[in-house]
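Asker: fold the following for me, if possible:
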Amino acid sequence: MDIKLYEFELGRAAKFLAEYMLNIKAGETVIITADTESDFRVVNATAREVFTLGAKPMVIAFPAPNGVGKAADPEIPLKALTGALQNSDVWIEFNNKWLLYSSAFENAYKSNKRLKYICLVGMNADIMIRTIGKVNIPKLEEFLIMIADITYKAKTVRMKTHAGTDVSFENHPLRPMNIHSGKVPIGTYEMLPGQISWSPNFETINGTIVFDGSINPPIGLLRGPVLLKIVKGRITEIEGGSESKVFESWLESFNDPHMYQIAHVSYGFNPGAKLTGNVLEDERVWGATEWGIGYIGPKLAPDLGGVPAASHTDGICLSS
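Answerer: Take a look at the predicted model:
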């Protein structure tokens, strides 16, 4: 009997993704993107379930770029990919180097108002089973809505961790709480379930953020803490060991002042997520808070239409 690792469980998770989360219908065109760092067990299982629903899957694979977001633009087949996304109904992103906030994403999001897009970057079979297949997603959605409502009603929010994070900010009345519950409405983009993300009033973000989980890119799992001093929503100092120097050099390499702006904060609430160095699940570790830096998506700050930057990175504060 030729049974591959997690083959049965993966089929169930892929079915839930295609049928419940994306609500894929017969006749729809579904683009599945992957790069050479992707787990093709996940890609193939999802394509099978999409085809079973009577839809038309198209798998587009390309060499993994060195950067993410706009930094990946020069290394991907940008025009061809943009054309495909502009003429599809669903985009499932499984590539490890994400194209969220890339020019392909921007063009598709602006011009294809029917597109449903879910960012599942770096997804592998183990993560997919733990964070989708074995989680009661509808019950999790109820919990996320409750927590988001409590947070949204607060004028001022303060976050602290034992590692030294102590940062406060005010919520912005025109910026929504993005509840990543698993469902993907038409004309928008979503993430793996188990997260609440929002952009505060940037100029009110002040204090200290200490990443003690991971920073991705450019590091992954951290061996020691990386400390950021934040003044009016911008990074003014970076302190710590050797990894802080790596992070500081990476930000400097873009020669873009927007790479020092705080983009969003997120709560992590997926019971199946573990700290692995994979940003997809790291930022959903239960009780973690995650800070995005750099590119600000239009869904996070609709009053500004988003704020472009050369790239984007996410850092994890554990046990917040």
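Asker: report all helices and strands that the helix or strand hosting T208 contacts.
Answerer: In this assignment (DSSP states H and E), T208 forms part of strand 206-211. Under the contact criterion of 3 or more Cβ pairs under 8 Å, 6 or more residues apart in numbering; DSSP states H and E, strand 206-211 touches strand 166-170, strand 226-231, strand 307-317. In this view, the C-beta of every residue, glycine as well, is placed from N, C-alpha and C.
Asker: domains of the chain?
Answerer: Annotated domains of the chain cover 7-131, 137-317 [automatic domain parsing].
Asker: buried stuff in whichever helix in the chain runs longest?
Answerer: When the chain is parsed with DSSP state H, its longest helix is helix 137-152. Within helix 137-152, the residues scored as buried using 16 or more other Cβ atoms under 10 Å are I137, L140, E141, L144, A148.
Asker: tell me how many other residues crowd the closest residue to the first one other than its chain neighbours.
Answerer: Excluding the flanking residues, the one nearest I137 by Cβ to Cβ, 6 or more residues apart in numbering is G182, at 4.6 Å. For G182, the number of neighbouring residues by other Cβ atoms under 10 Å comes to 23.
Asker: again with F202
Answerer: Counted with other Cβ under 10 Å, F202 comes out at 21.
Asker: next: W286.
Answerer: 15.
Asker: ok, F51 next?
Answerer: F51 is flanked by 13 other residues according to other Cβ under 10 Å.
Asker: now do whichever strand or helix holds it: everything it contacts.
Answerer: Assigned by DSSP H and E, F51 belongs to helix 40-52. Helix 40-52 is touched from outside by 4-7, 10-11, 13-15, 17-19, 24, 30, 32, 34, 56-57, 59, 61, 92, 94, 123-125, 128, with contacts defined as Cβ atoms under 8 Å, 6 or more residues apart in numbering.
Asker: same question for that helix, mean pLDDT?
Answerer: The average pLDDT for helix 40-52 rounds to 97.
Asker: which positions within that helix qualify as buried?
Answerer: Buried residues in helix 40-52 (16+ other Cβ under 10 Å): R41, V42, V43, N44, A45, T46, A47, E49, V50.
Asker: and the contacts of the next helix or strand after it?
Answerer: Later in the chain than helix 40-52, the nearest helix or strand by DSSP H and E is strand 56-62. Contacts to strand 56-62, defined as Cβ under 8 Å, 6+ apart, come from residues 27-36, 38, 43, 46-47, 50-51, 76-77, 81, 84, 88, 95.
Asker: what's the answer for stretch 105-112, then?
Answerer: Stretch 105-112 is contacted from outside by T82, L85, Q86, N87, S88, W91, L99, L115, Y117, Y189, P298, using Cβ under 8 Å, 6+ apart.
Asker: list the neighbours of the longest helix of the chain that are in contact with it.
Answerer: Contacts made with helix 137-152 from outside it, assessed by Cβ under 8 Å, 6+ apart, are listed as 16, 20-21, 157, 171, 177, 179-183, 193-196, 198, 267, 269-271.
Asker: I'd like the next helix or strand past it.
Answerer: strand 156-160.
Asker: and the following helix or strand past the strand holding T208, how far out from the chain middle?
Answerer: Proceeding N to C from strand 206-211, the next assigned helix or strand is strand 214-216, under DSSP H and E. Its chain's C-alpha centre and that of strand 214-216 lie 12 Å apart, by Cα atoms, centre = their mean, to the nearest Å.
Asker: what about K134, neighbour count?
Answerer: K134: 13 neighbours (other Cβ under 10 Å).
Asker: likewise for A108?
Answerer: 24.
Asker: check W250 too.
Answerer: Look at W250: counted by other Cβ under 10 Å, it has 16 neighbours.
Asker: angle of the helix or strand encompassing it against strand 206-211?
Answerer: Using DSSP H and E, W250 maps to helix 242-253. Angle of helix 242-253 versus strand 206-211, following axes from the mean of the first three to the mean of the last three Cα atoms, to 10 degrees, is 120 degrees.
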